[in-house]
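Visitor: following is a predicted model, sequence given first.
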Amino acid sequence: MKKQQFRVDRASTADIERMADLLGELFAIERDFAADGKRQTAGLRRLIERDRDAAAFVARDATGSIIGMVTVQLVVSTAEGAPSARIEDVVVDGDVRRRGIGRALVEAALDWARGTGATRAQLLMDTSNAAAEAFYARLGWEKTQLAARRISLRK
Ligand SMILES: CC(C)(COP(=O)(O)OP(=O)(O)OC[C@H]1O[C@@H](n2cnc3c(N)ncnc32)[C@H](O)[C@@H]1OP(=O)(O)O)[C@@H](O)C(=O)NCCC(=O)NCCS
């Protein structure tokens, strides 16, 4: 596949199975997460079925096969006095990396967020993910002084 032989569009429920596979690849490298197809499928369905405060985008090759994805969700930021977007689930098929697909996906998510009135976007990355670090730096994302914490609410 040559550079640019792909397109990015909004994901539909028909895309969930392949997207869940891609998330499996992502969670295999992110130490805070474990792949669980049922949960990823349920999460993707929730995201795709919402349309005002969340969106999922996929990159497709010339045959229509999904080769990358991103999700984006809004929260209200009191710091901004406006919505802030949270970018998650950025992954490109291992065979087609370094062809601009990741950049196009993140740009699609940010365009969507701007269109909702969001004035900031944030994301989390595994601290040992050197490729992601280089990728986001290249795209102009700034480091912050924040550190993530979490707690499980499962019974
Ligand atoms: C991170 C990832 C999404 C990048 O996707 P991609 O389609 O390869 O990225 P792009 O081709 O759009 O890269 C844009 C620029 O980012 C930088 N970049 C991307 N991957 C890089 C890498 N592995 N090492 C160094 N720089 C990199 C380069 O400057 C690149 O431009 P160039 O190829 O012209 O030099 C992809 O490597 C991936 O899916 N990794 C596994 C999942 C993951 O880690 N996701 C991020 C979770 S936070």
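Guide: Now that the structure is in, tell me what you want to look at. Residues are numbered from 1 along each chain as shown.
Visitor: can you give me the strands in the chain?
Guide: For the chain, the strands defined by DSSP state E occupy 6-10, 54-61, 66-77, 82-92, 120-122.
Visitor: pLDDT weak spots in this protein?
Guide: Applying pLDDT under 70 to the chain picks out residues 1-4.
Visitor: ok and the residue in it nearest the ligand?
Guide: G102 (2.4 Å; Cβ to the nearest ligand atom). No exception for glycine: its C-beta is placed from N, CA and C like everyone else's.
Visitor: and the closest residue to that residue other than its chain neighbours, what does it touch?
Guide: Nearest residue to G102, sequence neighbours excluded (Cβ to Cβ, 6 or more residues apart in numbering): V92, at 4.9 Å. By Cβ atoms under 8 Å, 6 or more residues apart in numbering, the contact list for V92 reads A59, I67, G68, I101, G102, L105.
Visitor: the third one against G102, yeah?
Guide: Yes - at 6.6 Å, G68 and G102 qualify as touching, with contact defined as Cβ atoms under 8 Å.
Visitor: most neighbours among the contacts of V92, which one?
Guide: Tallying neighbours with other Cβ atoms under 10 Å puts L105 at the head of these, with 26 neighbours.
Visitor: give me every residue that touches I67.
Guide: Contacts of I67 by Cβ under 8 Å, 6+ apart are F6, A59, R60, D61, V92, D93, D95, V96, I101.
Visitor: run the last query once more with 7 Å
Guide: F6, A59, R60, D61, V92, D93, V96, I101 (Cβ atoms under 7 Å, 6 or more residues apart in numbering).
Visitor: how many neighbours does the closest residue to it other than its chain neighbours have?
Guide: In this structure, I67 finds its nearest non-sequential neighbour in D93, 4.4 Å apart by Cβ to Cβ, 6+ apart. Using other Cβ under 10 Å as the criterion, D93 is surrounded by 19 other residues.
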